[in-house]
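Undergrad: starting from these lines, generate the structure:
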Amino acid sequence: MECPGSNRSANKYEEFLIMIKNVVFDLGNVLISFRPSEYFDRKQYPVNLKSVILNDIFRSREWLMLDKGDIILSDAIESISHKSSLKKEEIARIFNLRTDLMFPLGRNIKLLPELKKQGFKLYFLSNFPLDIFDEVRNSYSFFNYFDGGLISAEARSSKPEPEIYRLFFERFNLMPGECLYVDDIEANVKAAESFGVKGLVADGSDRISESVMSAIGT
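TA: Down below sits the predicted model:
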């Protein structure tokens, strides 16, 4: 027996799916792999050294400040060197590895032209420092599929802070309810959903195609 109102609920859900016109992607671990811990394991760094690098650099306050554009790289290296057992030269060398730690998630990238063919507009919204973003963007041709995007260092705000989402929607004149947002961090997705976005938490793998297509109703 069909529950009263079930058709009405289904119709509302179908209407919501039809409204999706824009797909917004995080970059790290959605379209670009960025897993420092795994990188240092592959390079056979000693466990203690790897732990120091991850804690003192990749989990540092300075790392977050770089993402928000609140500090330049040379100042970040100097600041970390005063608190870390790592020497300044070692810290600088690790920072220079950042693009080596990144590579495109090929299967996920293939989703972009497919979505474009279906008429969706594509955007990126990502926490990223200015000093390497241009290098990354110029290195990967898949950025040509995007209709626009915003990084945290440019916004001077980082996810999941509300301001970066607000600025993103205003800059591209987007209705949140017409957007699907894909991110590998649940807190970032929930923050986007608070604006009325349909959110999808990716698992960091290169197999998000089915989940994205399901979320947009194709």
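
Undergrad: how about low-confidence regions in the protein?
TA: In the prediction, the chain carries residues with pLDDT under 70 at positions 1-18, 218.

Undergrad: where do the helices of it begin and end?
TA: The residue ranges that make up the helices of the chain, judged by DSSP state H, are 6-19, 36-42, 47-53, 61-67, 73-81, 88-95, 106-109, 111-117, 130-139, 152-155, 162-171, 186-193, 209-216.

Undergrad: can you tell me which of the ones you listed is most buried?
TA: Mean neighbour counts were compared across these using mean count of other CB atoms under 10 Å; the top stretch is helix 152-155, at a mean of 21. Every C-beta, even on glycine, is put in place using the N, C-alpha and C of the backbone.

Undergrad: OK, contacts around residue 125?
TA: Counting by CB atoms under 8 Å, 6 or more residues apart in numbering, residue 125 makes contact with 24-26, 149-150, 159, 164-165, 168, 181.

Undergrad: so which of the helices of the chain is nearest residue 203?
TA: helix 209-216 (8.5 Å; CB to CB).

Undergrad: what does the closest one rub up against?
TA: Helix 209-216 is contacted by residues 17, 20, 23, 107-108, 110-111, 114-115, 120, 180, 182, 198, 200, 202 when judged by CB under 8 Å, 6+ apart.

Undergrad: same thing with stretch 140-157?
TA: The list of residues contacting stretch 140-157 from outside it, by CB under 8 Å, 6+ apart, reads 31-32, 66-70, 104, 109, 112-113, 116, 121-130, 133, 137, 158-159, 163-164, 167-168, 171-172.

Undergrad: out of the contacts of residue 125, which is most surrounded?
TA: Looking at the contacts of residue 125 with neighbours defined as other CB atoms under 10 Å, the largest count falls to residue 24 at 28 neighbours.

Undergrad: and the gap between it and residue 40?
TA: The spacing between residue 24 and residue 40, counted by CB to CB, to the nearest Å, is 31 Å.

Undergrad: do residue 181 as well
TA: Applying CB to CB to residue 181 and residue 40 gives a distance of 30 Å.

Undergrad: farthest-apart pair in the contacts of helix 209-216, please.
TA: Farthest pair in the contacts of helix 209-216 (CB to CB) is 17 and 107. Separation: 23.4 Å.
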